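Colleague: output the structure for:
(2 chains)
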There are 2 protein chains.
Amino acid sequence: MINVAVDAMGGDNAPGEIVKGAVQAVNKRSDIHILLVGQEEAVQKELASHTYPKEQITLVQASEVIETEEPPVNAIRRKKDSSIVVGMNLVKNGEADAFVSAGSSGAVLVGGQVLVGRIKGVERPPFGALIPTEKGVSLLLDCGANVDSRPSHLVQFARMGSIYMEHVIGISKPRVGIVNIGAEEEKGNALVKETFPLLKECKDINFTGSIEAREIPHGGADVIVCEAFTGNVILKLYEGTGAALISMVKKGMMSSLRSKIGALLVKPALKETLKAFDASQYGGAPMLGLKGLVVKTHGSSKATEVCNSIIQCVTFKEQKINEKIKECLDSQAQSEKKAEA
Amino acid sequence: MINVAVDAMGGDNAPGEIVKGAVQAVNKRSDIHILLVGQEEAVQKELASHTYPKEQITLVQASEVIETEEPPVNAIRRKKDSSIVVGMNLVKNGEADAFVSAGSSGAVLVGGQVLVGRIKGVERPPFGALIPTEKGVSLLLDCGANVDSRPSHLVQFARMGSIYMEHVIGISKPRVGIVNIGAEEEKGNALVKETFPLLKECKDINFTGSIEAREIPHGGADVIVCEAFTGNVILKLYEGTGAALISMVKKGMMSSLRSKIGALLVKPALKETLKAFDASQYGGAPMLGLKGLVVKTHGSSKATEVCNSIIQCVTFKEQKINEKIKECLDSQAQSEKKAEA
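Modeller: Numbers count the residues shown, from 1 in each chain, chains lettered A, B, ... in the order given. Below you'll find the predicted structure:
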């Protein structure tokens, strides 16, 4: 049995779609117990309209809600009875293994670091986003947790990301690439130039060198490592460009009678193709290196994405990802000690 | 009359499409004189198949070609008789006002800085790419010239970029945005936090604050300022995501008989829409702050893009962009002196 705390109040479609997603998850799997955190009355009202095994969902009261616009550090500090703080504390106290939220990214990040806490040895827990590619999905990290990272942080991102992609997503020997502005080793800014040789030395990852941004949509690497400012730019541009192009294609198709008829004919096939280019089927963005799993789903998440994010937590627990991260960091620390001696 | 040196040997489609583009330009405008730089025999052979006013194109011999894979600094130093070095020297010596090349970006960058040289007062000449948006076109700079820039460089990019967008592209009071990972002033990495207040103080630009990467495709700013590593990532991801999505849409349309028929019907309308999302109609990427204009067009450029890039040089000269940049920097230097006194 795995206990997943779910933020019932976070995101644009809360609590309706969140509750629906939680119900979907427990209807699919009997080994999940969900702690649905939020304003009891509102959540109870949503729950009442669904059929599900009652013993698999428990309501946890949280009277406050952190809004997206609130400065995260303040929000976490002041709103002690918010769904995010209450949910994170459930993980901290061991009552939940994981926490899923579609709420404020900033608050989830700060809460993860401050409330849940880092695994010993993890320097900076990165935010990893699963992004769709022509070949499936890649893990981009750090995409927003720690700006101005140091080389040693990026090396840890590569290690933790590899473990995640191998054991949660199921890609054997995931290819690790570092985001760069050219394919050659001598290219890049100071951070990349310093990090590149360190990644090359890593024996526990499958480092394949630099990856140029244009190769990302083609699935040029499974684990894409970069500093958080760059990562956040990539993530947002990725989503923005996709949305803009799809809206232009739609507009183009509606521009004449001829194209409108054509649009009706291509619609089913196109929908199928574009569905493949949607990472939400794999779940949300995991924050790695914390004492429990924290997953951030899109603010616009619907029930399916919430459900997938909850199920992603089961794999994370079953595959003992945190134990693997600990082992990996311990063996690194030991080999560093040996090298010093 | 404006003299434009054109690299006849650069890019995937050289010399054929380059020569064709040059011919198109002189057939369109009688005020352009083109110095076509390259291996005389090959270029002459291409020229022979076209009709054009002979006095508007002069051949300039250059026996060597710089390949894309060559390390740029070495290439510029060693291949003294390459089309890029010869063309740049024409600008340096005042025999040409501008140089257009579809060849190695690295060599064009290095050549621009080393051979053509900076305008007095310009700290780092940025590479500015014209990127398509839903609203038209934006100038992204720096997108590859100087990694690890300082705040004062970004301020100059904003100033030069504003002059370019106003007088070459014709956007009155262009909105200047700095690439950031959130809309608030306190967000960002160290560079952005330091640059933001400096841009706010600039009275000669229309600074509108931070721009998140997802707003770029929607045309959220006319001049988009960032450090070159970030800029290069944006540019390449922009092109990569667009290409990947369009290829997926095409694939989707070919997946069934029904969708194939639909595709035939939507094709003309879609082509028209996607054409609008193509920046090559505005010309190539200008390198700003040099003593002459250097324009880099895509390696895959066809004749139309080459022709547009040549015509872009005319506007640049007519609008006296470099004089305006000089004035702008001089007035800045003077006001700084006053502030010190």
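
Colleague: every contact and neighbour count from this point should use C-alpha atoms.
Modeller: Will do.

Colleague: if we look at the helix or strand where A:His33 lies, which residues are touching it?
Modeller: Per DSSP states H and E: A:His33 is located in strand A:32-38. Residues from elsewhere that reach strand A:32-38 (Cα atoms under 8 Å, 6 or more residues apart in numbering or on different chains): A:1-9, A:19, A:22, A:25-26, A:55-65, A:82-83, A:86-87, A:96, A:314.

Colleague: could you tell me which residues of the stretch 101-250 of chain A lie near chain B?
Modeller: Proximity of the stretch 101-250 of chain A to chain B (Cα under 8 Å from any Cα of the partner chain) is limited to residues A:134, A:144, A:147-148, A:180-181, A:188-190, A:212-218, A:229-230, A:232-234, A:236-242, A:244-245, A:248-249.

Colleague: mind checking which of those are in helices?
Modeller: In helices, defined here by DSSP state H, the members of those are A:190, A:229-230, A:232-234, A:236-242, A:244-245, A:248-249.

Colleague: quick one: buried ones out of those?
Modeller: A:229-230, A:232-234, A:236-242, A:244-245, A:248-249 (16 or more other Cα atoms under 10 Å in any protein chain shown).

Colleague: what residues sit buried inside stretch A:84-96?
Modeller: Within stretch A:84-96, the residues scored as buried using 16+ other Cα under 10 Å are A:84-92, A:95-96.

Colleague: ok, A:Met253 - contacts?
Modeller: Applying Cα under 8 Å, 6+ apart, the residues near A:Met253 are A:259-260, A:262-263, B:266, B:269-270.

Colleague: which residue is the nearest non-sequential neighbour of it?
Modeller: If the residues on either side of it in the chain are set aside, A:Met253 comes closest to A:Ser259, at 5.1 Å by Cα to Cα, 6 or more residues apart in numbering or on different chains.

Colleague: A:Lys92 too?
Modeller: A:Val116 (4.8 Å).

Colleague: separation between the one you found and chain B?
Modeller: As for A:Val116, its distance to chain B is 24 Å (criterion: Cα to the nearest Cα, to the nearest Å).

Colleague: run a quick neighbour tally on that residue.
Modeller: A total of 25 residues lie near A:Val116 under the criterion other Cα atoms under 10 Å in any protein chain shown.

Colleague: that older thread, dump the buried residues of stretch A:84-96 into TSV; add secondary structure as well.
Modeller: Formatted as TSV, those follow (DSSP: H, G, I helix; E, B strand; the rest coil):
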residue	secondary structure
A:Ile84	helix
A:Val85	helix
A:Val86	helix
A:Gly87	helix
A:Met88	helix
A:Asn89	helix
A:Leu90	helix
A:Val91	helix
A:Lys92	helix
A:Glu95	coil
A:Ala96	coil
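
Colleague: wait, what's in contact with the residue positioned nearest the centre of chain A?
Modeller: The centroid of chain A falls nearest to A:Ala285 when counting by Cα atoms, centre = their mean (0.7 Å). By Cα under 8 Å, 6+ apart, the contact set of A:Ala285 is A:127-130, A:295-297.

Colleague: with A:Val147 instead?
Modeller: A:227-229, B:188-189.

Colleague: same thing but at 7 Å, please
Modeller: Applying Cα atoms under 7 Å, 6 or more residues apart in numbering or on different chains to A:Val147 gives the contacts A:227-229, B:189.

Colleague: kindly report the same for A:Ser210.
Modeller: By Cα under 7 Å, 6+ apart, the contact list for A:Ser210 reads A:177-180, A:183.

Colleague: helix, strand or coil for it?
Modeller: strand.

Colleague: neighbours around the closest residue to it other than its chain neighbours, how many?
Modeller: With sequence-adjacent residues excluded and distances taken as Cα to Cα, 6+ apart, A:Ser210 is closest to A:Ile178, at 4.8 Å. By other Cα under 10 Å, the residues close to A:Ile178 number 28.

Colleague: quick check: bridge partners of A:Ile178?
Modeller: Here A:Ile178 sits in beta bridges with A:Ser210, A:Val225, going by DSSP bridges.

Colleague: for it, give its distance to chain B.
Modeller: For A:Ile178, the distance to chain B equals 12 Å [Cα to the nearest Cα].

Colleague: A:Gly170: neighbour count?
Modeller: Around A:Gly170 there are 11 residues (other Cα under 10 Å).

Colleague: any idea how far A:Gly289 is from it?
Modeller: A:Gly170 is 19 Å from A:Gly289, where distance means Cα to Cα, to the nearest Å.

Colleague: ok, A:Ile224 next?
Modeller: 17 Å.

Colleague: just to revisit the earlier point, run the chain-centre distance for the strand holding A:His33.
Modeller: 19 Å (Cα atoms, centre = their mean, to the nearest Å).

Colleague: moving C-terminal of it, what's the next helix or strand?
Modeller: helix A:40-48.

Colleague: let's verify A:Ser138: helix, strand, or coil?
Modeller: The three-state assignment at A:Ser138 reads strand, by three-state DSSP.

Colleague: all set now, cheers.
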